[in-house]
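J.: following is a predicted model, sequence given first.
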Amino acid sequence: GMYRIRLVDLAFARDNPCMNTDSIILSGVHVEVTEALRNAVHEQLEKLFSHEPRILRVRVELECEKHASTHRNEFLAKGHVELKGRTFFVAERMDNLYAAIGLLAQKLDRKLRRHNRRRETDRKHPHPVEFMADIPKATA
């Protein structure tokens, strides 16, 4: 099996003062988390925070694995977005790490927007509540 070494586990608060509670936690497995990589993750995830102010935390895990048959390096990017009472997860596998991060951010953004649209619709069109109960028949 593949052994995993947790190289870096970095939590950094975002530099935007009005969003100081939001944080992005980035970790790498067989991936060195460089300044450039961290900046790329921040840049890509920035829009999530502007589209969804209720995000508590975003965790991004970047892994490098050797492909079983081609033995080429593959990158696995995993993203967890934590909202109150709800976590969204997406993953993207590619041979280019930066492209994987970009796609990961897009997928998360779509997922959050779909979730918000659903919440809007539920608010505008509340569903009737159904009770599972025997209602006595009206006797004529």
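T.: Yep, that arrived. Residues are numbered from 1 along each chain as shown.
J.: ok, now which ones touch residue 107?
T.: By Cβ atoms under 8 Å, 6 or more residues apart in numbering, the contact set of residue 107 is 79, 90, 92. Where C-beta positions appear, they are placed from N, C-alpha and C, glycine not excepted.
J.: rerun at 10 Å
T.: 77, 79, 88, 89, 90, 91, 92 (Cβ atoms under 10 Å, 6 or more residues apart in numbering).
J.: where's the third one, which helix or strand?
T.: Using DSSP states H and E, residue 88 falls within strand 86-94.
J.: between the contacts of residue 107, which is closest to residue 111?
T.: residue 88 (5.1 Å; Cβ to Cβ).
J.: surely that closest one touches residue 80?
T.: Yes. Counting by Cβ atoms under 10 Å, residue 80 is a contact partner of residue 88 at 7.2 Å.
J.: now do the helices in the chain.
T.: Ranges of helices within the chain are 35-51, 97-124, based on DSSP state H.
J.: and the angle for the last one with helix 35-51?
T.: Spelled out, that is helix 97-124. Computed by axes from the mean of the first three to the mean of the last three Cα atoms, to 10 degrees, the angle separating helix 97-124 from helix 35-51 equals 10 degrees.
J.: format the helices of the chain as a markdown table; extra columns: mean pLDDT and distance to residue 70.
T.: Converted to a markdown table, the helices of the chain look like this (pLDDT from 0 to 100; distance: least, Cβ to Cβ, whole Å):
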| stretch | mean pLDDT | distance to residue 70 |
| --- | --- | --- |
| helix 35-51 | 91 | 24 |
| helix 97-124 | 90 | 17 |
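J.: quick one: closest of the ones you listed to residue 73.
T.: Once the helices of the chain are compared by Cβ to Cβ, helix 97-124 is nearest, at 9.0 Å.
J.: that closest one: how far from the chain's middle?
T.: How far helix 97-124 lies from its chain's middle: 9 Å, per Cα atoms, centre = their mean, to the nearest Å.
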